[in-house]
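Enquirer: With the input below, show me the fold.
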Amino acid sequence: MIKKLILGAILLNLLPLGGLGSYLYAQSTLLHYKSSATYFEEALPIGNGTQGAMVYGGVGEDKISLNDITLWTGEPDTTSVNPKAFENIPAIREALFKEDYKTANELQKKVQGHYTNNYQPLGTLTIHNLNDSKGDNYSRSLDLTRALATVSYNGEQRDYFASAPDSVIVIRLKSTDGKRLNKRLSYNCQLKNTISTSGLELICDGYCAWTSKPSYVADEKSLIYDEKRGIHFRTIVHVINKDGEVSAENNELKISNCSEALIIIANATSFNGSENDPVIDGRDYETIVKARINNALGKSFDSMLESHVNDYQQFFNRVSIDLGTTPDSIAAMPTDVQLREYTDSARVNPDLEELYFNYGRYLLISCSRTKNVPANLQGLWNESILPPWSSNYTSNINVEENYWPAETANLPEMHESLLSFIQKLPNTGEKTAKEYYGINEGWCLAHNTDIWGMTCPVGEGSGDPMWANWNMGGAWISTHLWEHYSFNMSKSYLNQVYPVLKGAADFCMNWLVKLPGTEYLITAPSTSPENQYKTPAGYTGPTLYGGFADIAMIRECLTNARDAAVILGEDHDYIEKINNTIKNLLPYRVGKNGNLQEWFHDWEDQDPQHRHQSHLFGLFPGHQIAPARTPELAAACKRTLEIKGDKSTGWSTGWRVNLQAHLREAENAYHIYRTLLTYVSPDGYQGEDRRSGGGTYPNLLDAHAPFQIDGNFGGTSGLIEMLVQSELVERDRAIITLIPSLPEAWKAEGSVKGIKCRGGYTVDFEWKDGEVTSYVINNVRSDKQPGRVTLIYGDKKIPMTK
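Expert: You can find the predicted model right below:
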């Protein structure tokens, strides 16, 4: 199996571009298709962490939709829209403790602010083919080992990549039959813009709306433009012709009689940080984009490709897995055909399962390399000016799920985009804590945020509290700061982020109240993300007191802050305050159906199969529940998932893979992983064989539906958690468990290389017949000091200093 991976990597790097033999179709690092894309959900994504493109690969017309991760509507979030909102909290609590849930829910609407802004599309480049070509022997592929997309057919080959070292997107057009290429390049942008040509360049200057609202509350009239406000940008498309000529006409470029040509695409925006006005204090984007073009013009295609591949592979090559071999008859099928076959049969396809895992790593590298700007709901790739849910950062699961594999898949550099963003949230989060909750210590984050770091609860007085009023985003998202520390053990880093951890904990401790008549601490008001209960009297609603999702997240947040304080030698009184608070948190409860209670009372869910399972946070991604330590609670989590069933949205299914893996339910975890890889038709497809729901699109992007990238990352994380789990105990001792949830389908033989574990380790190991046959543990702690680790596999428990 290891030979298969090594040989595949060698062949992919030695074969000429586009020269992929049928043998390589058996590999787990290549998406390949026999036709061009008609829909977004069929196109192939490329990205350098800031710029991105979706490659359609058409013969007559090749559409390349472009994005820049810093291109958003809006301005810095400095306005107070509801400064006295906190004055409503006492009345809400009074109604709740009188069990008047309907009144409490209506009062919640008085504790709402503005909505987030919208992530924007940059534009679309279309390459029109002026030659007569039928596109015979068509092939379209994405090579994950080199982050390279290729389209080929009789007479022509096109190669596409997004270079991080050179900050450009490169497209090579090449004749393969001796005939000359003739192309016309047109450009379209949905934002306010002007398009012009100059020499060999097509230039698009534009700007975003300075304010907007989500598509679910407004239409495009909410996009308000002012040339003196909002983020500005410039896109340059430059053509380098090997021969023939390039001319400009009607704001388009024409390539005539060329055997080969390069198209270089560069972009820059005026976004200069969440706190800076993008016009007054914006970046000099015009100078930046011109410098990027000029830099690329001094390089050949081969040199840019080489630097791109070297840069990309330093991340991608850290990790590999081998779960078995797919029969050639299946492996030779195009990726979308394989996915449909996998959905419709019970046959095992290890290569497809590995491909989905590797694709998740590829996507994270491709969309998360911009400081202070994390991957959003669609990662980097969006074609709509009013995208679903604004393509923002939804903090009640989605933005966090994007980064679940960042540490375990050994991609901490990609995590930095989120970690740096989190450290800026207190800038607005402290104000939100005061104005909406009357809390003068700490910071908070509500249901979602955007590039400007807004933190207030959304809704503008009419949003459903079921989603609008949830305020535990800070408690949840701050755990990523601790997780990053637990994987690298850097005290200097922990010291840097400690004030943010402490601020999140301070808000939680000040938000808690005593349950009347007891010493237990709860939240009131409380909601459980996007879910609703049904009371015995028949009332359905979201607002209550003592929701267990809140308590689980607060427990995790406080534990992180406490442990950080201990490690850093901070104030003993503060540590005791946290310990006393944790001790008095309302304990978990098991309901009459054997489930873990989501609501304070043992009420039914309005929808028993609801996609959210936020009260299971303590099982994963939290560290409070485990079969060995808390068997009763673990059993209640298992029962909760049984009640919810198998079918859900893409991101929810991804989360459930992780949950089942942590329950050590190997077959259930594998079943849910397979469910995540359920074929879903493109959104615009209306054929009789249309398939909808949650799962995976033909281009392997996650179907909520619509497209959300979080399910891809949840699935990547889930596969790792099936093969390796780690935890940090006693704040400095790691426990690493190998193949904790290995399903029957993978037991015969397999291997893992480079997975990162808490305590500052990476692990390589192999197994056969469900038993570990060899392993290597590497210390990669930032302080280079030996640490304590216990390795567990099968019935073996091996303590060591490493």
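
Enquirer: what are the phi and psi values for the residue nearest to I578 when sequence neighbours are not counted?
Expert: Nearest in space to I578, with sequence neighbours left out and distances taken as C-beta to C-beta, 6 or more residues apart in numbering, is R562 at 4.2 Å. The way it works is simple: take the backbone N, C-alpha and C, and place the C-beta from them, glycine included. When read as degrees, to the nearest 10, the backbone of R562 gives phi -60, psi -50.

Enquirer: State the pLDDT value of R562.
Expert: With respect to pLDDT, R562 scores 97.

Enquirer: doesn't N580 make contact with it?
Expert: No. The pair R562 and N580 fails to qualify as a contact (C-beta atoms under 8 Å) at a distance of 10.6 Å.

Enquirer: which of those two has more neighbours?
Expert: Neighbours per residue (other C-beta atoms under 10 Å) separate R562 from N580, with R562 holding more: 23 against 11.

Enquirer: how near is the more buried one to F713?
Expert: Look at R562 and F713: by C-beta to C-beta, to the nearest Å, they are 28 Å apart.

Enquirer: again with L515
Expert: As defined by C-beta to C-beta, L515 lies at a distance of 37 Å from F713.

Enquirer: Also I293?
Expert: Summarising the geometry, the distance separating I293 from F713, computed by C-beta to C-beta, is 33 Å.

Enquirer: neighbour-wise, which of the two wins?
Expert: Neighbour count, other C-beta under 10 Å: between I293 and F713, F713 has more, with 29 against 19.

Enquirer: could you list every residue that touches the nearest residue to Y39 once chain neighbours are set aside?
Expert: With C-beta to C-beta, 6+ apart as the criterion, Y39 has its nearest non-adjacent residue at 3.5 Å, and that residue is P682. Listed by C-beta atoms under 8 Å, 6 or more residues apart in numbering, the contact set of P682 reads 38-42, 697-698.

Enquirer: ditto for D302
Expert: So, once contact is read as C-beta under 8 Å, 6+ apart, D302 ends up touching nothing.

Enquirer: does it sit in a helix, a strand or a coil?
Expert: The three-state label for D302, taken from DSSP: H, G, I helix; E, B strand; the rest coil, comes out as helix.

Enquirer: Quick one: the strands in the stretch 251-400 of the chain, in order.
Expert: Remark: strands assigned in the stretch 251-400 of the chain by DSSP state E, counting those that start in this stretch are 252-258, 260-269, 320-322, 393-394.

Enquirer: what's the last one packed up against?
Expert: The elements that strand 393-394 packs onto, with contact taken as 3 or more C-beta pairs under 8 Å, 6 or more residues apart in numbering; DSSP states H and E, are strand 448-449.

Enquirer: make it 10 Å
Expert: Contacts of strand 393-394 with other secondary structure elements, assessed using 3 or more C-beta pairs under 10 Å, 6 or more residues apart in numbering; DSSP states H and E, are made with helix 398-402, strand 448-449, helix 473-477.

Enquirer: do the third one as well
Expert: Counting contacts by 3+ C-beta pairs under 10 Å, 6+ apart, the secondary-structure elements packed against strand 320-322 are helix 2-14, helix 350-367, helix 710-723, strand 749-757.

Enquirer: Can you tell me which of the ones you listed is packed in deepest?
Expert: When neighbours are counted by mean count of other C-beta atoms under 10 Å, the highest per-stretch mean among these falls to helix 710-723, a mean of 28.

Enquirer: List the buried residues of whatever helix or strand comes next after that one.
Expert: On the C-terminal side of helix 710-723, the closest following helix or strand by DSSP states H and E is strand 724-729. For strand 724-729, the neighbour count (16 or more other C-beta atoms under 10 Å) marks 724-728 as buried.

Enquirer: Just the closest of these to G547, please.
Expert: Nearest to G547 out of the buried residues of strand 724-729 is E727 (C-beta to C-beta; 25.9 Å).

Enquirer: related to what we said a few turns ago, of the contacts of P682, which pair is most distant in space?
Expert: When the contacts of P682 are compared pair by pair using C-beta to C-beta, the farthest-apart members prove to be T38 and Y697, with a separation of 12.3 Å.

Enquirer: out of these two, which sits in the more crowded spot?
Expert: Y697 (24 against 15).

Enquirer: for T737, helix, strand, or coil?
Expert: strand.

Enquirer: ok, how many other residues are close to it?
Expert: If you count neighbours by other C-beta under 10 Å, T737 ends up with 19.

Enquirer: Could you check how many residues crowd around Y539?
Expert: Here the number of neighbours of Y539 (other C-beta under 10 Å) works out to 14.

Enquirer: should've said F86
Expert: Residue neighbour count, defined by other C-beta under 10 Å, stands at 16 for F86.

Enquirer: Now it. Nearest residue, chain neighbours left out?
Expert: Nearest residue to F86, sequence neighbours excluded (C-beta to C-beta, 6+ apart): G438, at 3.5 Å.

Enquirer: for L596, same thing?
Expert: Of all residues not flanking L596 in the chain, A636 sits nearest, at 3.9 Å (C-beta to C-beta, 6+ apart).

Enquirer: list the helices and strands the helix or strand hosting the one you found packs on?
Expert: Remark: A636 resides in helix 631-644, with elements defined by DSSP H and E. Of the remaining helices and strands, those touching helix 631-644 by 3+ C-beta pairs under 10 Å, 6+ apart are strand 604-605, helix 650-662, helix 666-676.

Enquirer: Would you mind checking the average pLDDT for that helix?
Expert: Computed over helix 631-644, the mean pLDDT rounds to 98.

Enquirer: surely S391 meets Q120?
Expert: Yes. The pair formed by S391 and Q120 meets the contact definition of C-beta atoms under 10 Å, at 8.7 Å.

Enquirer: anything in contact with each of the two?
Expert: Contact with both S391 and Q120 is made by residues 67, 72, 382, 384, according to C-beta atoms under 10 Å, 6 or more residues apart in numbering.

Enquirer: burial measure for D328, as a count.
Expert: The number of residues packed around D328, counting by other C-beta under 10 Å, is 12.

Enquirer: How about R731?
Expert: Using other C-beta under 10 Å, R731 has 12 other residues around it.

Enquirer: Identify the bridge partners of the spatially closest residue to L339 that is not a sequence neighbour.
Expert: On the basis of C-beta to C-beta, 6+ apart, the spatially nearest residue to L339 that is not a chain neighbour turns out to be Y679, at 4.8 Å. Under DSSP bridges, the beta-bridge partners of Y679 are T696.

Enquirer: so Y679 makes contact with P698?
Expert: Yes. In terms of C-beta under 10 Å, Y679 counts as a neighbour of P698; the distance is 7.5 Å.

Enquirer: ok, the two, which is more surrounded?
Expert: A direct count of neighbours by other C-beta under 10 Å for Y679 and P698 places P698 higher, at 24 against 19.

Enquirer: quick one, phi/psi of that one?
Expert: Dihedral pair for P698: phi -60, psi -30, per degrees, to the nearest 10.

Enquirer: neighbours around the nearest residue to it once chain neighbours are set aside, how many?
Expert: When the adjacent residues along the chain are set aside, P698 lies closest to D336, with 3.8 Å between them (C-beta to C-beta, 6+ apart). Close neighbours of D336, defined as other C-beta under 10 Å, add up to 22.

Enquirer: can you pull the contacts of D336?
Expert: 31-35, 41-42, 679, 682, 696-700.

Enquirer: same deal with I582?
Expert: When contacts are counted by C-beta under 10 Å, 6+ apart, I582 touches 509, 521, 554-555, 558-559, 562.

Enquirer: ok, D166 to N779 distance?
Expert: If you go by C-beta to C-beta, the gap between D166 and N779 works out to 35 Å.

Enquirer: Between those two, which is the more surrounded one?
Expert: Using other C-beta under 10 Å, the more surrounded residue of D166 and N779 is D166, with 21 against 16.

Enquirer: which residues sit in contact with the more buried one?
Expert: D166 sits next to 48, 264, 266, 292-293, 295-296, 299, 303-304, 307-308, 311 when contact means C-beta under 10 Å, 6+ apart.
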